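**Student:** here's my sequence, what's the structure:
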Amino acid sequence: MSTAPALPPIQSVVAEVHRRLQRVQPNALLQSRIYHFILTDENGGGDFYIAIGNGMAAVGRGAPQGSPNCSVTLSTPDAVGLITGTLEPISAYYKGRFKVRGEMSHAVYLGTLLRAAGQAR
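**Tutor:** All right, here's what the predicted structure looks like:
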């Protein structure tokens, strides 16, 4: 039995975010928000974005086309921890494990969505 090759770290993160956002109810995605994530790892870092609005969410690699409401800079392992709920966001933020530029309330909202979507089965 062969196994699929492991995705590069940023692709794994983008795929997991996409998977989770597909579970979110459209009424939770009505307000337009653009998020820009900068993963700082030497091996597997890079940018990705999440654009939410009109009941839909888009996730992709690279910088967003529009001006982000919120930019988050962090390592890939910390991104995985935040997305999966294994890293406590408030504690990690105050310990300097990630930085947020822009609207902190938007970052909190996205974290809530991703955690809730991860619990929905």
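
**Student:** quick one, strands of this structure?
**Tutor:** 33-39, 46-53, 56-61, 70-74, 98-102 (DSSP state E).

**Student:** show me what the second one is packed against.
**Tutor:** Read that as strand 46-53. If you count contacts as 3 or more Cβ pairs under 8 Å, 6 or more residues apart in numbering; DSSP states H and E, strand 46-53 packs onto helix 9-21, strand 33-39, strand 56-61. No exception for glycine: its C-beta is placed from N, CA and C like everyone else's.

**Student:** of those, which stretch is the most buried?
**Tutor:** strand 33-39 (a mean of 22; mean count of other Cβ atoms under 10 Å).

**Student:** quick one: that one to strand 98-102, angle?
**Tutor:** If you take axes from the mean of the first three to the mean of the last three Cα atoms, to 10 degrees, strand 33-39 sits at 150 degrees to strand 98-102.

**Student:** hang on, Ser71 packs against Ile38?
**Tutor:** Yes. Using Cβ atoms under 8 Å, Ser71 makes contact with Ile38 at a distance of 6.8 Å.
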